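Q: got a structure for you, letters missing:
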């Protein structure tokens, strides 16, 4: 009795074909631009690692940094 009151599902639209994949060949200018961007990203990554003063074992201090100073002890 439930099928009497339920509307029938409409037919699904046809599947469209996939678009052509882009060519894998890059011009020399594009390759140079990509290499420049990758180098800049790597420089920023290395720079940020050097600013982190803690490691897995806590604060990374040398013996010279642990010495007391006049102002900060």
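A: Received the coordinates, thanks. What you see is a predicted model, and the numbers here were worked out from it, not measured in a lab.
Q: can you give me the strands for this structure?
A: Using DSSP state E, the strands of the chain run over 54-55, 58-59.
Q: pLDDT of the biggest helix by length in the chain, averaged?
A: Under DSSP state H, the helix in the chain containing the largest number of residues is helix 28-51. In this model, helix 28-51 has a mean pLDDT of 84.
Q: what lies in contact with it?
A: The contact list for helix 28-51, computed with CB atoms under 8 Å, 6 or more residues apart in numbering, reads residue 26. C-beta: built from backbone N, CA, C; applies to glycine.
Q: now that helix: buried residues?
A: Buried positions in helix 28-51, judged by neighbour count with 16 or more other CB atoms under 10 Å: none.
Q: and if you look at stretch 5-23?
A: Per 16+ other CB under 10 Å, stretch 5-23 contains no buried residues.
Q: that one - what's its average pLDDT?
A: Rounded mean pLDDT across stretch 5-23 is 87.
Q: between the two ends of it, how far is it?
A: With CA to CA, to the nearest Å as the measure, stretch 5-23 spans 53 Å from end to end.
Q: stretch 22-35 now?
A: Stretch 22-35 end-to-end distance (CA to CA) = 20 Å.
Q: quick check, pLDDT for residue 1.
A: 54.
Q: I meant residue 58, not that one.
A: Reported pLDDT for residue 58: 67.
Q: then the one 3 residues further on?
A: Reading off the confidence values, residue 61 has pLDDT 64.
Q: likewise the one 5 residues further on?
A: On pLDDT, residue 66 comes in at 63.
Q: next one: residue 73
A: 55.
Q: and residue 33, how far from residue 27?
A: 9 Å (CB to CB, to the nearest Å).
Q: likewise residue 10?
A: 47 Å.
Q: likewise residue 40?
A: Distance of residue 40 to residue 27, given as CB to CB: 20 Å.
Q: now swap in residue 44 and tell me
A: Plainly put, residue 44 is 26 Å away from residue 27 if you go by CB to CB.
Q: residue 43 too?
A: For residue 43, the distance to residue 27 - CB to CB - is 25 Å.
Q: same check on residue 19?
A: According to CB to CB, residue 19 stands 22 Å off from residue 27.
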